[in-house]
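using only what follows, build the 3D model:
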Amino acid sequence: MSKIDLSKLSKDDLKELRKNAKSQIDRIEEDEKPLREAKEKIDDILSEADLELKDIYPELFQSKKKSTKKRSNSLKGKTLPILWRNPDNENETWKGRGNRPSWLDPAIALHGEEACKVLENWPSDES
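Okay, the predicted model is just below:
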């Protein structure tokens with residue numbers, strides 16, 4: 001919410017602001033009235049029946065337990081094939097996982113994509 005520097009407002013401006021704020025508060029309270037009345041009726045019915053809302057809607061009050069089961073990773077323990085190799089330095093490779101290496105974009109720009117791909121390891125589109 002933006003703050004208004006009240007010290008810069010005249011007395012008439014402050015009175016107008018107070019009037020507008022009161023009017024807005026009244027509108028909001030009028031909009032909330034049906035909800036407030038419905039809640040009071042529900043509270044009265046529950047009290048008369050000696051019940052609580054959780055007795056009627058237990059699913060709303062059940063704690064959502066977090067699963068303790070870990071997700072399995074199908075790649076865990078497997079060695080991935082090298083998909084990219086730097087033509088300028090054969091020791092710089094990338095398997096396509098994690099952050100893209102800093103050498104890849106300049107190597108592609110200089111040598112072309114086909115020169116950097118290790119084609120025999122490239123996944124096929126037939127899967």
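
domains of the protein?
11-56, 84-121 (automatic domain parsing).

point out the most buried one among those.
domain 84-121 (a mean of 13; mean count of other Cβ atoms under 10 Å). For every residue, glycine as well, the C-beta is placed using N, CA and C.

quick one: distance of it to the chain centre.
Computed by Cα atoms, centre = their mean, to the nearest Å, the chain-centroid distance of domain 84-121 equals 33 Å.

ok so, going back, confidence-wise, which of the domains of the chain is weakest overall?
With a mean of 83, domain 84-121 has the lowest mean pLDDT of those.

which parts of this structure are helices?
11-48, 53-56, 104-111, 113-116 (DSSP state H).

residue 63: which of those helices is closest?
Closest to residue 63 of those is helix 53-56 (Cβ to Cβ; 11.7 Å).

returning to what we had before: what would the domains of the chain look like in JSON lines with distance to residue 3?
As requested, the domains of the chain are exported to JSON lines (distance: least, Cβ to Cβ, whole Å):
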{"stretch": "domain 11-56", "distance to residue 3": "13"}
{"stretch": "domain 84-121", "distance to residue 3": "42"}
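
tell me which of the ones you listed lies nearest to residue 70.
The nearest among the domains of the chain, by Cβ to Cβ, is domain 84-121 at 19.3 Å.

separation between residue 103 and residue 81?
Plainly put, residue 103 is 19 Å away from residue 81 if you go by Cβ to Cβ, to the nearest Å.

returning to what we had before: arrange the helices of the chain in JSON lines, one row each, with distance to residue 5 as further columns.
Conversion of the helices of the chain to JSON lines gives the following (distance: least, Cβ to Cβ, whole Å):
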{"stretch": "helix 11-48", "distance to residue 5": "11"}
{"stretch": "helix 53-56", "distance to residue 5": "45"}
{"stretch": "helix 104-111", "distance to residue 5": "50"}
{"stretch": "helix 113-116", "distance to residue 5": "59"}
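
quick one: closest of those helices to residue 77.
helix 104-111 (26.0 Å).

is it true that residue 95 touches residue 81?
Yes - with contacts counted by Cβ atoms under 8 Å, residue 95 reaches residue 81, the gap being 6.8 Å.
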